[in-house]
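> Sequence isn't available, so here's the structure alone:
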Ligand SMILES: [Cu+2]
């Protein structure tokens, strides 16, 4: 694992431990790649912030179950309405890394979720805030 990824994962774990399972500060995406770890039953980091535009998702399954990472948009007018899936990785077996690239992600708030069986209900979801303008580094 590259050093930067290790650092990000460690920082995310530390932030999660301090804040518990509630809303944590979003972890800014460095560049155009969002690296996440999938575990039972969580997404690490659970909250991420990225710049609008191209975004590559690199999801590594560090758990013992199969997982994936989908990005969905909630219906702002009707929170009860079904969410729209914008895209996401295929299924990653334990130890595997799955990737997916959004060519042009618009600014907004999205939900990150594992759609395998009931993992969403078990807490495997998070938030992705996409910002327009020059937020990206
Ligand atoms: Cu899962």
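Okay, I see it. What you see is a predicted model; the values in this text were computed from it and never measured.

> can you give me the end-to-end distance of stretch 104-119?
27 Å (CA to CA, to the nearest Å).

> Neighbours of the closest residue to residue 120 other than its chain neighbours, how many?
Among residues not flanking residue 120 along the chain, residue 113 sits closest, at 5.1 Å (CB to CB, 6 or more residues apart in numbering). Using the backbone N, CA and C atoms, a C-beta is placed for each residue, glycine as well. Residue 113: 21 surrounding residues under other CB atoms under 10 Å.

> so how far is residue 81 from residue 113?
16 Å (CB to CB, to the nearest Å).

> Now do the contacts for the residue found closest to residue 81 once you drop the neighbours it is linked to in the chain.
Ranked by CB to CB, 6+ apart and with sequence neighbours excluded, the top spatial neighbour of residue 81 is residue 75, at 3.9 Å. Residue 75 makes contact with 81-84 under the criterion CB atoms under 8 Å, 6 or more residues apart in numbering.

> who wins for neighbours among these?
Tallying neighbours with other CB under 10 Å puts residue 83 at the head of these, with 15 neighbours.

> I'd say that residue and residue 70 touch.
No. At 9.3 Å, residue 83 does not count as touching residue 70 under the criterion of CB atoms under 8 Å.

> The spatially most central residue of the chain pairs with what?
Residue closest to the mean C-alpha point of the chain, counted by CA atoms, centre = their mean, is residue 112 at 4.8 Å. Beta-bridge pairing for residue 112 (DSSP bridges): residue 71, residue 126.

> Roughly how far does it sit from residue 129?
Using CB to CB, residue 112 is found at 11 Å from residue 129.

> Can you give me the pLDDT of residue 80?
At residue 80, the model reports a pLDDT of 77.
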